[in-house]
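>>> For reference, the sequence and a predicted model appear below.
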Amino acid sequence: MGRSLDVVTSFGASVSRLGAGLMVRGNGSTPPPKLLELYEFEACPFCRKAREAFTALDLEVLVYPCPKGGERFRPGKKMFPYLVDPNTNTSMYESMDIARYLAKTYGGGTLPLGLSLGPLTTASSMLASAWRSGHGGRARPRKAPGKPLELWSFESSPYCRLVREALCELELPYVLHNVAKGSRHRESFVARSGKMMVPYLVDDNTGKAMFESADIVSYLDATYGGP
């Protein structure tokens, strides 16, 4: 019942955002030479808006999860999301400032429609968080990996959300490879994984690679969920 409820409520969260984070806008953006960095936590409605911008612009990002009670990346950070761009020596808070910066610097300068509706965008993002009742919001005991994990995902996928929640709660840094509809990364992803299916996790610390959200969450708990 727990798994079924997780899937249903995660679908509800996706529906609340009316398709935002489902596809790439236009032809995507020009990929930067250095990986961008995002400090955030999955349950945060404002962090969701930043992640949706990354999906719409077809950008990859190194995510540092900062759940409440976390000790690895949260100390010193007072607001989320927080973006660091080593390509331009830029860092900033505020989800909409981040979205506008990404669109201007790496896209065509125009925000995706789902992020351009002002209070409606914020309200629907808060509703999406409410569907999941705080999942992906608070840290729990974890082991630290030697290297960041890698996740192929896109923001609106209800199954990918369940994996991102687990990564967040365990404070596991990961490279987020966005492969939304229309993504230029899909062809290379299929060449690597063998099929177009997400979520897909690669853990170079253990040599594991796997599909299926339930299997991934179980693996993360077993491997990194200890004291």
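Yes, it's here. No experiment lies behind these values; they were computed from the predicted model shown.

>>> Okay, and Leu127 sits in which element?
helix 119-131 (DSSP states H and E).

>>> Regarding the protein, what is its longest helix?
For the chain, the helix with the greatest residue count under DSSP state H is helix 2-16.

>>> And that one, what does it pack against?
helix 119-131, helix 158-169 (3 or more C-beta pairs under 8 Å, 6 or more residues apart in numbering; DSSP states H and E). (C-beta placed from N, C-alpha, C; glycine too.)

>>> would you list those in a markdown table and tack on distance to Glu60, mean neighbour count and mean pLDDT?
As requested, those are arranged in a markdown table below (distance: least, C-beta to C-beta, whole Å; neighbours: other C-beta atoms under 10 Å; pLDDT from 0 to 100):
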| stretch | distance to Glu60 | mean neighbour count | mean pLDDT |
| --- | --- | --- | --- |
| helix 119-131 | 22 | 17 | 90 |
| helix 158-169 | 14 | 25 | 97 |
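
>>> which stretch among those comes nearest Tyr200?
Closest to Tyr200 of those, according to C-beta to C-beta: helix 158-169, at 9.2 Å.

>>> and that closest one, what does it pack onto?
helix 2-16, strand 61-65, strand 149-153, helix 213-224.

>>> Who are the packing partners of the next helix-or-strand element following that helix?
Later in the chain than helix 158-169, the nearest helix or strand by DSSP H and E is strand 174-178. Helices and strands touching strand 174-178, by 3+ C-beta pairs under 8 Å, 6+ apart, are helix 45-56, strand 61-65, strand 149-153.

>>> Make sure Pro158 is actually in contact with Ser10.
Yes: between Pro158 and Ser10 there is a contact under C-beta atoms under 8 Å: 3.7 Å.

>>> Any idea what the closest residue to Glu150 other than its chain neighbours is bridged to?
Among residues not flanking Glu150 along the chain, Val202 sits closest, at 4.3 Å (C-beta to C-beta, 6 or more residues apart in numbering). With DSSP bridges as the criterion, Val202 is bridged to Glu150, Ala209.

>>> Need the residue closest to the centroid of this structure.
Nearest to the mean C-alpha position of the chain, counting by C-alpha atoms, centre = their mean, stands Arg51 at 5.4 Å.

>>> wait, doesn't that one sit right on Glu40?
Yes: Arg51 is within contact range of Glu40, at 7.1 Å (criterion: C-beta under 8 Å).
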